[in-house]
Every structure is written in structure tokens, then in C-alpha cells.
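>>> below are the sequence and a predicted model for it; my questions follow.
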Amino acid sequence: MDAISVIRTKRDRGELSDEQIDWVIDAYTRGEVADEQMSALAMAILLNGMNRREIARWTAAMIASGERMDFSSLSRPTADKHSTGGVGDKITLPLAPLVAACGAAVPQLSGRGLGHTGGTLDKLESIPGWRALLSNEEMLHVLDTTGAVVCAAGDGLAPADKKLYALRDVTGTVEAIPLIASSIMSKKIAEGTGSLVLDVKVGSGAFMKTIEDARELASTMVGLGTDHGVKTVALLTDMSAPLGLTAGNALEVRESVEVLAGGGPADVVELTLALAREMLAAAGLTDVDPAKALADGSAMDVWRRMITAQGGDPDAPLPTSREQHVITAPSSGVLTRLDAYDIGVAAWRLGAGRARKEDPVQAAAGVEMHAKPGETVQEGQPLLTLHTDTPERFEYAIQAVEGSYDIAAPGTEYAASPVVRE
Ligand code: URA
């Protein structure tokens, strides 16, 4: 077998055989297939697609590239969730401790920012002392003692995805349904969770721009999970506007703590509770009410234990930006659009994300929003505050947000997109 014949098969719109898939994933993991060959194959897959058999085999080969974890020693049922990526999507932060407070064990292997989308690990690393890298034993210990753990996947788990994910990020091959589905599901199946809730984002700030593509991605992932014995459900949720009022690492931690304290923006609270209910139902815990665990402080207690168990100080002040730039509303009226992609790009350019995978991120950089779509704004009021430690970044970020919003005449109707269960 050789890489060129595998690339040619997909380039010429052929179906990859089981043997071709098994070989190419294994050879790429071992370094026998070069990055340039895998990137050519990823582009051929993005352009010509894969059928369900190919996706299932590709996912199985990625799982087999590394180890599998086993949570069967835990006394609680396991429940996990994964978002396909968005702007201001800080939901994991309040959700993991909330679901743990309701009786499930939440093993949340998370990622770093990809392109204009934020990453859960980058956000949590803005908490002084907090560590994303845990050994498998440490991960099990935190999970067992606090009920929830949010950490990076260990090197041994789906190593083929680790290499391919970094390659796709820099070769324009992220937005392919077979590659996204196999990337997410290989990690989740190898992780060993009993149940999984997928938050499939749709809209300008998501990788899936249309509801049809989001449905296709959701049904592909639910099929893969179910075939591997993981109880899997998917919600389709709106990502045409950012979630909440912040996009950026420390800014989003602050907003998540507000949610855990019983406040926070309504859309973040609504989605956190919707996903919590799905996770608890999937784990067989149907007689608990997550709204109660948010109100009575028990979710906050788990958050504090979880952060402390990973070296973080939940009481330490979060970093704040050295420089801010305020953008004001040019007219009075109803904010009818605040584009998630543009805000994500601005946060990224301010330093919240990376241009190259080895770049550091700025903990305090990002965008604070002062109004949500549907709200009335007055001419001259602050609309957005841009945060960075490096003010030379403002110019580029201001360009990104210039066309990011529409303000319509006072009284204009606005309907938010509902959460859809698949
Ligand atoms: N999240 C992942 O883990 N993989 C992708 O390809 C996209 C989002």
C-alpha cells in the first residue's frame, strides 16, 4: 500500500476500501505517511466526501490508533457533551459542575481554540494555577472525588486525531463533515463515556453554516456513537450571534462564574440547562432538576472543588486587559444582528486565539458585548468593548467588527432561533 494510490482514489471520487483506510491512518500515526500527503488526502475528502461506511471505518481506525479509557470503576453513570465549536461558547464551564452536582460523572476532554472559535482549555488556563494536562490516573482521581474533570486528552488517546486536527487547522480542511464527525467521535468513544450529548452549532460563527449541513453532521455523529454503544443525542443550536456577552478567555470564565452564582446572560443559562437535562436523561438520572442545583449553590461548590483539584485558585482575581477600546452605537433602534463570525475573528485578532499552533494566547483579550440581538440601543451608548494587552492589534480587530451589526428602526420585531433537538 502507498499514500499516493490512496490520495488518487479519493481525488478521483472513488470509495476508499477498509484496507486503505486502516493503512493510511496507522501509517500517518507512525510518521510513515507525511503531513503533505495527509493534507492532500484531507483536501480530497473535503472536496469529494465520504460515505457512511468510509466514515465509520475512518473513525474506528482513529480510535484504534491509541488507547481506550475505562470509567467502569466509578459509582456514578458517566455523561459527556461536546460542542462542534462556536464564539462565546463557554457552556462547558458551568455545565460540567452542574451535571456533576446532579449525580453524574462528567469526564470532559476538551480542546484549544480552532480558528475563530474559542477553546475550553484556553479559557480555564486564565485561572491562576489551573492545569489542563493530567495523567490518566489524575483525571480519574479528579473525576472520582469531585464528579467532574475538564482536561486535555492524554497523548495516548486517539493520537491520529491529534496530528490530523493540527494539520487541518493550517490547511483549510476543518469544515468537512466526515473529518469533523470522525475527529469528535473517535475521541469521545476512546474516552469511554457511557453517554454523550452533542451540541451541533449552526450559523455564521459555526463550522456548519446551514441547517441541512448541521443535520447531516448531527446524524453522522449520532450514528457513530450508537454503533459503538455510546448513548448519543444531538441538539442543533444557533451560532449566528455569539453566546452570552463575552468572547475571550478570562472574560468568558467571569461570565461562567456569574451563571454558577445564579445570574449570567439568559441565553447561556437556557442552553446550559437544556444540555444538562439531555445529559442527565441520557445518563438515566431523570428525577433531578438542574435549575435547582444552579439556584442552591451546589453546582458552584463542585466548580470550586474541580478548579482547586487541578491546581487553580477559584478566588484569585482573573487577568484584566491592559488596554480597552469602546465602539458605540451609531444610531438608536433594535439590534437585529450581531455576527458571531466577525466577533470571533475580532477576539482572535485581539490575542484570544492563535495565528500558529505554537502561539500563546492572551488570557485577558477578547470582546465584551453590551447588547444582545433583540435589545434596544441608544445612539452613542457602548456596543462593544475590545480588550487586549497589545494595542497595535486594535486596528485589525476594529476592521473585523465594522460590518458585524445591524440596528433597525425602534420597534422592529426580532425572533431568536430556538434550540432544536435532533
Ligand atoms: N472539534 C473537534 O474535536 N474536531 C473537529 O474537527 C472540529 C471540532
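Sure thing, it's come through. The model shown is predicted, which means the values in this text are computed figures rather than measured ones.
>>> rest of the way, CA atoms for contacts and neighbours
Noted.
>>> show me what from the protein comes close to the ligand.
Thr84, Gly85, Val174, Leu179, Ile180, Ser183, Ile184 (Cα under 6 Å from any ligand atom).
>>> state the pair within those residues that is farthest apart.
By the measure Cα to Cα, Gly85 and Leu179 form the most distant pair in the residues of the chain next to the ligand, at 14.1 Å.
>>> now Gly225. Nearest residue, chain neighbours left out?
In space, not counting the residues next to it along the chain, Gly225 is nearest to Thr232; the distance is 5.7 Å by Cα to Cα, 6 or more residues apart in numbering.
>>> secondary structure element for the closest residue to the ligand within the stretch 101-250 of the chain?
Closest approach between the stretch 101-250 of the chain and the ligand, counting by Cα to the nearest ligand atom: Ile180, at 3.6 Å. Using DSSP states H and E, Ile180 falls within helix 177-191.
>>> equivalent analysis for Thr385, please.
Assigned by DSSP H and E, Thr385 falls in strand 382-388.
>>> same thing with His325?
Counting by DSSP H and E, His325 is found in strand 323-328.
>>> do the same with Asp213
Here Asp213 is assigned to helix 211-227, by DSSP H and E.
>>> try Ile7
According to DSSP H and E, Ile7 maps onto helix 3-11.
>>> quick one: the strands in the stretch 251-400 of the chain?
If DSSP state E, counting those that start in this stretch is used as the criterion, the strands of the stretch 251-400 of the chain fall at 323-328, 333-338, 366-369, 376-377, 382-388.
>>> can you pull out the helices in the stretch 51-200 of the chain?
If DSSP state H, counting those that start in this stretch is used as the criterion, the helices of the stretch 51-200 of the chain fall at 52-64, 92-101, 120-124, 136-146, 159-169, 177-191.
>>> what packs against the last one?
Secondary structure elements in contact with helix 177-191, counted by 3 or more Cα pairs under 8 Å, 6 or more residues apart in numbering; DSSP states H and E, are helix 35-48, helix 52-64, helix 159-169, helix 211-227.
>>> partner strands of the strand holding His325, with direction?
Using DSSP bridges, the strands paired with strand 323-328 are strand 382-388 (antiparallel).
>>> report the inter-axis angle for the strand it pairs with versus strand 333-338.
40 degrees (axes from the mean of the first three to the mean of the last three Cα atoms, to 10 degrees).
>>> which residues touch Ser417?
For Ser417, the contact set (Cα atoms under 8 Å, 6 or more residues apart in numbering) comprises Thr237, Asp238.
>>> buried residues, stretch 247-260. List them.
By neighbour count on 16 or more other Cα atoms under 10 Å, the buried set for stretch 247-260 is 247-260.
>>> oh, I was asking about stretch 367-386
367-374, 376-378, 381-386.
>>> how long is that stretch from one end to the other?
5 Å (Cα to Cα, to the nearest Å).
>>> give me the contact list for it.
Taking Cα under 8 Å, 6+ apart as the rule, stretch 367-386 contacts 241, 244-248, 251, 324-338, 343, 346-347, 350, 365-366, 387, 394, 397, 410, 413-416.
>>> could you redo the last one with a cut-off of 6 Å?
The contact list for stretch 367-386 (Cα atoms under 6 Å, 6 or more residues apart in numbering) reads 245-247, 324-337, 347, 414.
>>> drop anything exposed from the residues you listed.
245-247, 324, 327-329, 332-337, 347.
>>> tell me the one of those nearest Leu134?
Using Cα to Cα, the buried ones among the contacts of stretch 367-386 come closest to Leu134 at Ala247, 26.2 Å.
>>> state the distance from that closest one to Arg76.
Counting by Cα to Cα, the gap from Ala247 to Arg76 is 33 Å.
>>> got it, and Asp18?
Separation of Asp18 from Arg76 (Cα to Cα) stands at 37 Å.
>>> do the same with Lys209
In this view, Lys209 and Arg76 are 37 Å apart by Cα to Cα.
>>> again with Gly244
Distance from Gly244 to Arg76, by Cα to Cα: 31 Å.
>>> between these two, which one's more packed in?
For Gly244 versus Arg76, neighbours defined as other Cα atoms under 10 Å are more numerous around Gly244 (24 against 16).
>>> now do the contacts for that one.
Applying Cα under 6 Å, 6+ apart, the residues near Gly244 are Pro265, Val268.
>>> the closest residue in space to Glu175 that isn't next to it in sequence: neighbour count?
What sits nearest to Glu175 in space, not counting adjacent residues and going by Cα to Cα, 6+ apart, is Phe207, at 5.7 Å. Number of residues near Phe207 (other Cα under 10 Å) recorded here: 25.
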